[in-house]
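Undergrad: test case, fold it:
(one chain, ligands or ions: 1)
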Amino acid sequence: MKVLVVGSGGREHTLVWKLSQSPRVNKIYCAPGNAGISSLAECVPIKVSDLESLRDFALAQKVDLTVVGPEAPLVAGLIDIFEEAGLKVFGPNKAAAQLEGSKSFAKELMAKYGIPTGHFKTFTEPEAAKAYIRQLNTPCVVKVDGLAAGKGVVVAMKPEEALQAVDDLTANNQEAAATLLVEEFLQGEEVTVMAFADGNAVRPMVWAQDHKRVYDGDEGPNTGGMGAYSPTGLETPELERQIYREILVPTVKAMAQEGRPFRGILYAGLILTREGPKVLEYNARFGDPECQVILPRLKSDLVDIIEAVLDGKLANLDISWSEEAAACVVMASGGYPGKYEVGYPISGLENLPQAVVVFHAGTTHDHGQIVTGGGRVLGITGLGATLEKAVASAYSGVDRIRFTNRHCRMDIAWRAFRRQQIK
Ligand code: GLY
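TA: Presented below is the predicted three-dimensional model:
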């Protein structure tokens, strides 16, 4: 098969890496890709927003399957355009991707179908949102309705912070902020439970937790993700059953009932509250950097799973997972998520220990050298029999890799380790 992967970050490198292990795949293209991806795939300089050029490329190269990494092209309708051209493509179509593309759509769906989530109200007038915040006078979450590349959510512990968030979010996110949401602040551990969905059946993956803040101890501004690990230590058979029965299955059923069958990766960001798991947000694709710890644990062939999704045969498929733990440490450019510099040569990428896999996020080639090219530069995934060993492997890789102004968190998986100590 010839496969095209759309995207250029750590998640897409992981997808390319996993697909390259399938005996059914003999050629991979990635648009636009990055320096690391280019060792496994032919990178083609087409932007993820250029849907027509992506389709034309897939037609010209007779691509057998296209896999989409990021949310923006899904929400913009890449799947619809590819399907209209008779191309096989993996991901939810435009109508189904609204689950991520519109937070108010997602919340209203959950309210309508009784899927557990926090209370919420939507506002088209910032002043009305502010009046509600004053009246609420409790911690709350302020969100923009549309896609905002991780910059559309503020968790406010005090009303003043929420009022400021209304101004900031409105100023920084034009169209996406035409509708604002004010949501109940949910207390509890946050976990990522992703699932394959074929429009009808749903098959959960192993769980992960990510680290969104830039500094140790979950301090500092939010980022695209500074690390992740799997398993989380929070999994129990009861919780897994409850999440499947009360959240994943009802979501897929609700989407089918609404005439928007969801085929692809259903990402449920959950808070494990005292009253049970509640949905914080949905995404319509693999999490990043969760993908970097989930796919290394997937033993089955990803192509077989994708085909089962496309053929509506997911219910009968065997999907097997490794018992090994995985941890990913993101190495970023100093200054990220604020201002940072790029173009610094990266050394130490060769001869890493076997239990270490490097996924490139923001790298490019410069005069034959691999150099930094983004805020998040590399994701170093370590594998091991236990989470401790996986984290140690990841940091053994980090220790060898150098570039000017590198920054990474030194406490990946601290929540899981603290829970173990308390037990
Ligand atoms: N790690 C969170 C996300 O991918 O949205």
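Undergrad: what sits against the closest residue to Glu42 other than its chain neighbours?
TA: Counting by CB to CB, 6 or more residues apart in numbering, Tyr29 is the residue found nearest to Glu42 once chain neighbours are left out, at 5.2 Å. Glycine gets a C-beta too; all of them are placed from N, C-alpha and C. When contacts are counted by CB atoms under 8 Å, 6 or more residues apart in numbering, Tyr29 touches 2-5, 41-44, 57, 61, 63.
Undergrad: contacts only, for the residue of the chain found nearest the ligand.
TA: The nearest approach of the chain to the ligand comes at Gly287, 3.5 Å away (CB to the nearest ligand atom). Applying CB under 8 Å, 6+ apart, one finds that Gly287 lies in contact with 11, 192, 194, 208, 210, 225, 228, 267, 294.
Undergrad: give me that answer again for 10 Å
TA: 11, 192, 194, 208, 210, 225, 228, 265, 267, 269, 293-294 (CB atoms under 10 Å, 6 or more residues apart in numbering).
Undergrad: what does the stretch 201-350 of the chain have sitting close to the ligand?
TA: Residues of the stretch 201-350 of the chain found near the ligand (CB under 6 Å from any ligand atom) are 210, 225, 283, 287-288, 290.
Undergrad: closest to Asp80 out of these?
TA: Asn283 (18.8 Å; CB to CB).
Undergrad: tell me the contacts of Gly146?
TA: Gly146 touches 75, 100-104, 152, 173-179, counting by CB under 10 Å, 6+ apart.
Undergrad: which of the contacts of Gly287 ranks first by neighbour count?
TA: Within the contacts of Gly287, most neighbours by other CB atoms under 10 Å means Val293, with 31 neighbours.
Undergrad: my guess is Val377 contacts Pro345. True?
TA: No: taking contacts as CB atoms under 10 Å, Val377 lies outside contact range of Pro345: 11.6 Å.
Undergrad: what sits in contact with each of the two?
TA: Taking CB under 10 Å, 6+ apart as the contact rule, Val377 and Pro345 both touch 370-371, 403.
Undergrad: helices along the stretch 251-400 of the chain, start to end?
TA: Taking DSSP state H, counting those that start in this stretch as the criterion, the stretch 251-400 of the chain contains helices spanning 291-294, 302-311, 387-400.
Undergrad: circling back to that earlier point, and the furthest pair within the contacts of Gly146?
TA: For the contacts of Gly146, and using CB to CB, no pair is farther apart than Glu100 and Gln174, which are 18.8 Å apart.
Undergrad: export stretch 261-276 as CSV, just CAs?
TA: In CSV, the C-alpha atoms belonging to stretch 261-276 read as follows (Å, rounded to 0.1, in the frame of the first residue of the first chain):
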residue,chain,number,x,y,z
PRO,A,261,-21.5,9.0,12.2
PHE,A,262,-18.0,9.3,13.8
ARG,A,263,-15.3,7.3,12.1
GLY,A,264,-11.7,7.8,13.3
ILE,A,265,-10.0,8.5,16.6
LEU,A,266,-12.4,9.7,19.4
TYR,A,267,-10.4,11.5,22.1
ALA,A,268,-12.1,11.9,25.4
GLY,A,269,-10.4,14.2,27.8
LEU,A,270,-11.9,13.1,31.1
ILE,A,271,-11.9,14.3,34.7
LEU,A,272,-12.3,11.5,37.3
THR,A,273,-14.5,13.4,39.7
ARG,A,274,-16.0,12.1,42.9
GLU,A,275,-19.3,11.6,41.1
GLY,A,276,-17.6,9.6,38.4
